[in-house]
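[1] Model the following, please.
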Amino acid sequence: MSVLVALLMLVNCWRATSDPAGFARYFGVAAAADADPAFIYVYASRALFLAMITAILLWKRQLAALGYFAAAAIIMPICDAIQVQQAGGAIPIVARHLATAAYLAITAYLLHRWVARHG
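    Residues are numbered from 1 along each chain as shown. Coordinates of the predicted model:
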């Protein structure tokens, strides 16, 4: 599950930098990107950071830390959902952000459970 998160973050980084306006529509903040696409580049750098930390923790087999990282990361898609909703974004986009938070919560739970069972 963590590998999928890291890959998705890399894909989002690439999409955001290659087509900021298109990614802003996908993210749910098209008006913000029309006014200033810098927000999308900030998102891209955040996505790259998340992907790299996830990859490092996986590579080093630091699964307990990865579980805490996934749990802490839940705040980002929840805040994204709130911001998209407040900007008048579509309900399916808000739901996608909340689904991302749920996926992270499940990932964190499974990682913590695995570490508890296997040390």
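[2] Find me the pLDDT at residue 60, would you?
    What the model reports for residue 60 is a pLDDT of 96.
[3] my guess is residue 84 meets residue 97, correct?
    Yes: between residue 84 and residue 97 a contact is recorded at 6.3 Å, counting by CB atoms under 8 Å. In this view, the C-beta of every residue, glycine as well, is placed from N, C-alpha and C.
[4] Check the contact lists of these two and give me the overlap.
    Common contacts of residue 84 and residue 97, defined by CB atoms under 8 Å, 6 or more residues apart in numbering, comprise residue 28.
[5] which stretches of this structure form helices?
    Under the criterion DSSP state H, helices of the chain are mapped to 2-18, 20-27, 30-35, 38-59, 63-73, 75-86, 91-118.
[6] could these be laid out in TSV, adding mean neighbour count?
    As requested, those are exported to TSV (neighbours: other CB atoms under 10 Å):
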stretch	mean neighbour count
helix 2-18	17
helix 20-27	18
helix 30-35	15
helix 38-59	16
helix 63-73	18
helix 75-86	16
helix 91-118	15
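[7] Go through those helices and find the least confident stretch.
    Note on those: lowest mean pLDDT is at helix 30-35, with a mean of 64.
[8] For residue 16, which non-adjacent residue is spatially closest?
    Spatially, and ignoring its direct neighbours in sequence, residue 16 is nearest to residue 44 (3.9 Å; CB to CB, 6 or more residues apart in numbering).
[9] Now do the contacts for that neighbour.
    If a contact means CB under 8 Å, 6+ apart, then residue 44 has 12, 13, 16, 17 as its contacts.
[10] Could you rerun that using 10 Å?
    Taking CB atoms under 10 Å, 6 or more residues apart in numbering, we find residue 44 in contact with 9, 12, 13, 14, 15, 16, 17, 18, 20, 23.
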